[in-house]
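*Asks:* Have a look; sequence and predicted model below, questions after that.
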Amino acid sequence: MTNKKTNKMVTTTLPLVVMMLLTLGTIVSGTGINVNVPTAYYKAGDLINATIMCTPTTWVKAWEMKVVFSKGRLQAQSVTEGSFFKPGQTYFSATINNSLGTIYPLYDLIITGNVSQTRPLFYVLFTAKNYGQASINLSNVGITNETKYLTGLIVSNTTFYVYSQWDLNYDKNVGIMDIMLVAGHYGQTGTSGWIKEDVDKNGVINLVDIVIIACHWGAY
């Protein structure tokens, strides 16, 4: 009863173009979908957790999309359903293809009812493979309510940098500054890889660490 009254009231105040879209089976929503990756100095071998958030402006019943990531920089390890439709009963599916750098098909729906709260749609755990610029992008994004696709979606992708393991000062260049950092800890000992200056991760900062940096001079 309440929904019918609300829909009737909104219809009388919506612009003509929106009313036409509703008739065609779409809703202009402005719903946002964002790819969030924690800010950090990532290096090859590091785990990277990406959260895909949805900020709906209306009721949502189901969603579908394709994730495209930098296959030369990242490897997807797992995809986990978020709490967007929880605690409802859902049908979630995700297929990782690291050869193509995609996660597709990828979709979720709530069996009974619908939701409108801001929550994560899903999580992706990546491993950084190689240094350089990396990106995680969303495409073919579709979000529906009980009967119609939403339009006017605002999709925000993300890019970040994976640093070389020899770039100790994170300036995207292996050079004298990195050697100086190792020299500043020369002779120190600890557990394997306890600081980044232990380049060979043997628990001792010595000439070998400096030589390794020098052998990768000019890398980024």
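*Replies:* Yes, it's here.
*Asks:* Report all helices and strands that the longest strand along the chain contacts.
*Replies:* Ordering each strand of the chain by length in residues (DSSP state E) puts strand 132-144 first. With contacts defined as 3 or more Cβ pairs under 8 Å, 6 or more residues apart in numbering; DSSP states H and E, the packing partners of strand 132-144 are strand 32-36, strand 47-55, strand 62-69, strand 119-128, strand 149-151, strand 158-163. Every C-beta, even on glycine, is put in place using the N, C-alpha and C of the backbone.
*Asks:* By mean pLDDT, show me the worst of those strands.
*Replies:* Within the helices and strands packed on strand 132-144, confidence is poorest for strand 149-151, with a mean of 92 (mean pLDDT).
*Asks:* and the very next helix or strand once past that strand, what other elements does it pack with?
*Replies:* Scanning the chain past strand 149-151 towards its C-terminal end, the next helix or strand to appear is strand 154-156 (assignment: DSSP states H and E). Taking 3+ Cβ pairs under 8 Å, 6+ apart as the contact definition, the neighbouring helices and strands of strand 154-156 are strand 32-36.
*Asks:* list the buried ones in the strand it packs on?
*Replies:* In terms of neighbour count (16 or more other Cβ atoms under 10 Å), strand 32-36 has its buried residues at Ile33, Asn34, Val35.
*Asks:* Show me what that strand pairs with in its sheet, parallel or antiparallel.
*Replies:* Strand 32-36 pairs in its sheet with strand 47-55 (antiparallel), strand 154-156 (parallel), by DSSP bridges.
*Asks:* avg pLDDT for the last one?
*Replies:* In this model, strand 154-156 has an average pLDDT of 97.
*Asks:* contacting residues around that strand?
*Replies:* Contact partners of strand 154-156, identified using Cβ atoms under 8 Å, 6 or more residues apart in numbering, comprise Gly30, Thr31, Gly32, Ile33, Asn34, Val35, Leu138, Val141.
*Asks:* Check stretch 69-77 too.
*Replies:* Stretch 69-77 is touched from outside by 47-48, 67, 96, 98-103, 124-137, 162, with contacts defined as Cβ under 8 Å, 6+ apart.
*Asks:* at 7 Å what do you get?
*Replies:* Where contact means Cβ atoms under 7 Å, 6 or more residues apart in numbering, the residues beyond stretch 69-77 that reach it are 96, 98, 100-101, 103, 124-130, 132, 134-136, 162.
*Asks:* Out of those residues, which end up buried?
*Replies:* Ile96, Asn98, Gly101, Ile103, Val124, Phe126, Ala128, Lys129, Gly132, Ala134, Ile136, Val162.
*Asks:* Just grab the bridge partners of the last one for me.
*Replies:* Pointing back at Val162 there. Going by DSSP bridges, Val162 is paired in beta bridges with Tyr42, Gly132.
*Asks:* residues in contact with it?
*Replies:* Val162 sits next to Tyr42, Lys43, Ala44, Arg73, Ala128, Asn130, Tyr131, Gly132, Ala134 when contact means Cβ under 7 Å, 6+ apart.
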